[in-house]
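K.L.:
got a sequence here, can you build the structure:
(2 chains)
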2 protein chains.
Amino acid sequence: MRVDVVFTPDEAGAAPTGVVVDVIRATSTICQALDAGYVRVFCTAAVEEARALREELGDGVLGGERNAVRIPGFDLGNSPREYVEPAGNTLLLSTTNGTRAVVAAAQRCDRVLVGSLLNLNAVVDAARDAGEDVVVVCAGVRGTLALDDAFVAGRIVELLGWERTDAAEAAARLVTTWGGAEEAFRASKSGRNLLENAPELEADIPFCARESVLDVVPRFVSMHETAAQIAL
Amino acid sequence: MRVDVVFTPDEAGAAPTGVVVDVIRATSTICQALDAGYVRVFCTAAVEEARALREELGDGVLGGERNAVRIPGFDLGNSPREYVEPAGNTLLLSTTNGTRAVVAAAQRCDRVLVGSLLNLNAVVDAARDAGEDVVVVCAGVRGTLALDDAFVAGRIVELLGWERTDAAEAAARLVTTWGGAEEAFRASKSGRNLLENAPELEADIPFCARESVLDVVPRFVSMHETAAQIAL
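P.N.:
Purely as a prediction, here's the structure:
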């Protein structure tokens, strides 16, 4: 069995099982929300899509951020700490990089799992149980590599213990160059964006850096127009 | 001044100065050939393009490989050790990943330099002297990250000493996880392909792993149909 990593959604790389990672903060938020009791999450890239979907469904909590800050008129931001208690059954989450990565993975994988450090062991076990090759699809930042996602990809590679592509080997090697996840996250573009644009959300970084505290494996269910539906 | 790295030619990433790296072996061969006395190199992706170009030019040495082995009917392979003496003025080099990377860089950079370990100091000095932001464009293998190119990108990042994007930081960190270039090259997909398909060319690996032994800076001149012309 082999594990591959793509550091940006545009890169070539396909496998039967895909694990999407946008650890700061979309996939951490999705894991936290579904663990807390939300039944499903719709990821949309555009803000207006999230609003239109709530109109259509007649229900749903609007969550999301632009430049790390809550979108005006939305119920919640994109901080996983806002999702430890459910505020409804359906979460409509507007997130640019995360949605793009989920859609990219759905186009090239038979099954798509949502990964973060919060559910690390659970998602690795699910990927292993699927019994087929894995590609970790990192969301990155605007089409470029993000060190926080690369770190999580490396942890997944380490735990799977399978044959590695060069990219997977690179991810695993990167992990060894840091003292831990929080150090990597703070150094990453995603972490620096968060600290610059919303310093009051600094606690999100250690929150997202905790390993295997949630036993959930969110899965891509289907596309709903341009929204990716995710559930347990 | 800032330095960025793209590990595959498809990734987003643009800067005024591009440095293309396909260290095993296209860009090492180009540096060696121009240092030896070839006046210009045309890089083509398809074998037939190289043949057609020689027909058109009425002159030229045909070089290149498929799966590490010399193309049937070609004068030379893609081993830089075949280019320490010139066999003509013009080299027509057929190389899939390297050509793709040069063309990708030419589309998004004002100037494109050809980098390898052989000309490391020279190309870094030229990039610095250009006085503008740099992106290192790694050729990779079939659209995926290759550890050998990532290693060279990291060395360029280290020597420039500029502000780093996340990808540039990742490349520099990867360098620190190896005992040296040869170790990285042997572990890489490109190195393993070479050793598997043409074990008699093993000496190419230590040859390409030598740092700053050539004082040349090959530059992309222009496209000639689908061929990229490179000269000093």
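
K.L.:
tell me the contacts of the residue nearest to A:Arg25 when sequence neighbours are not counted?
P.N.:
With CB to CB, 6 or more residues apart in numbering or on different chains as the criterion, A:Arg25 has its nearest non-adjacent residue at 5.3 Å, and that residue is A:Asn78. Backbone N, C-alpha and C define where each C-beta goes, glycine included. Listed by CB atoms under 8 Å, 6 or more residues apart in numbering or on different chains, the contact partners of A:Asn78 are A:Arg25, A:Ala26, A:Thr29, A:Gly63, A:Gly64, A:Glu65, A:Ala68, A:Arg70, A:Leu93, A:Thr95.

K.L.:
next helix or strand past the strand or helix carrying A:Val135?
P.N.:
Using DSSP states H and E, A:Val135 sits within strand A:134-138. Scanning forward in sequence from strand A:134-138 by DSSP H and E, the next helix or strand is helix A:147-160.

K.L.:
do you know how far the residue nearest to A:Arg25 is from A:Val114?
P.N.:
Distance, A:Asn78 to A:Val114, by CB to CB, to the nearest Å: 14 Å.

K.L.:
run a quick neighbour tally on the residue lying closest to A:Thr95 once chain neighbours are set aside.
P.N.:
Distances taken as CB to CB, 6+ apart place A:Ala26 nearest to A:Thr95, at 4.2 Å, with adjacent residues excluded. By the criterion of other CB atoms under 10 Å in any protein chain shown, A:Ala26 has 31 neighbours.

K.L.:
and A:Ala26, what does it touch?
P.N.:
By CB under 8 Å, 6+ apart, the residues touching A:Ala26 are A:Cys43, A:Asn78, A:Leu93, A:Thr95, A:Asn97, A:Gly98, A:Thr99, A:Ala139.

K.L.:
mind checking the end-to-end distance for stretch A:139-151?
P.N.:
Terminal residues of stretch A:139-151 are spaced 12 Å apart (CA to CA, to the nearest Å).

K.L.:
how about the helices of chain A, start to end?
P.N.:
Assigned by DSSP state H, the helices in chain A fall at A:26-36, A:47-57, A:96-108, A:120-130, A:147-160, A:166-175, A:181-187, A:189-197, A:204-208.

K.L.:
anything in the fifth one near chain B?
P.N.:
Yes - residues of helix A:147-160 contacting chain B under CB under 8 Å from any CB of the partner chain: A:Leu147, A:Ala150.

K.L.:
report the helix or strand with the lowest average pLDDT across chain A.
P.N.:
Taking mean pLDDT, DSSP states H and E as the measure, chain A has strand A:69-70 as its least confident helix or strand, at a mean of 88.

K.L.:
chain center to it, what's the gap?
P.N.:
Distance of strand A:69-70 from the chain centroid (CA atoms, centre = their mean, to the nearest Å) equals 18 Å.

K.L.:
is the strand holding A:Val135 anywhere near chain B?
P.N.:
No - counting by CB under 8 Å from any CB, chain B has no neighbours in strand A:134-138; the shortest distance is 10.4 Å.

K.L.:
ok and that strand relative to helix A:147-160, angle-wise?
P.N.:
Angle, strand A:134-138 to helix A:147-160, by axes from the mean of the first three to the mean of the last three CA atoms, to 10 degrees: 160 degrees.

K.L.:
what's strand A:134-138 packed up against?
P.N.:
Counting contacts by 3 or more CB pairs under 8 Å, 6 or more residues apart in numbering or on different chains; DSSP states H and E, strand A:134-138 packs against strand A:2-6, strand A:17-21, helix A:96-108, helix A:147-160.

K.L.:
shaky segments in chain A?
P.N.:
In the prediction, chain A carries no residues with pLDDT under 70.

K.L.:
for the residue of chain A most remote from its centre, phi and psi?
P.N.:
Computed with CA atoms, centre = their mean, the residue of chain A farthest from its C-alpha average is A:Gly58, at 26.1 Å. When read as degrees, to the nearest 10, the backbone of A:Gly58 gives phi 70, psi 20.

K.L.:
so which residues on chain A come close to chain B?
P.N.:
A:4, A:6-8, A:10-13, A:141-147, A:150, A:165-167, A:169-170, A:173-174, A:176-177, A:187-189.

K.L.:
now the buried members of those.
P.N.:
Buried by 16 or more other CB atoms under 10 Å in any protein chain shown: A:4, A:6-8, A:10-11, A:13, A:141, A:143-147, A:150, A:165-167, A:169-170, A:173-174, A:177, A:187-189, out of the residues of chain A next to chain B.

K.L.:
quick one: contacts for the residue nearest to the spatial centre of chain A?
P.N.:
Centroid check for chain A by CA atoms, centre = their mean gives A:Thr27 as the closest residue, at 2.4 Å. Residues near A:Thr27 by CB under 8 Å, 6+ apart: A:Val20, A:Val21, A:Gly98, A:Val114, A:Gly115, A:Ser116, A:Ala139, A:Pro218.

K.L.:
and the residues you listed, which two are furthest apart?
P.N.:
A:Ala139 and A:Pro218 (14.3 Å; CB to CB).

K.L.:
number of nearby residues for A:Glu182?
P.N.:
Applying other CB under 10 Å, we find 17 residues neighbouring A:Glu182.

K.L.:
ok, it - contacts?
P.N.:
A:Glu182 makes contacts with A:Ile205, A:Pro206, A:Ala209, as judged by CB under 8 Å, 6+ apart.

K.L.:
since that was my last question, I'll sign off now.
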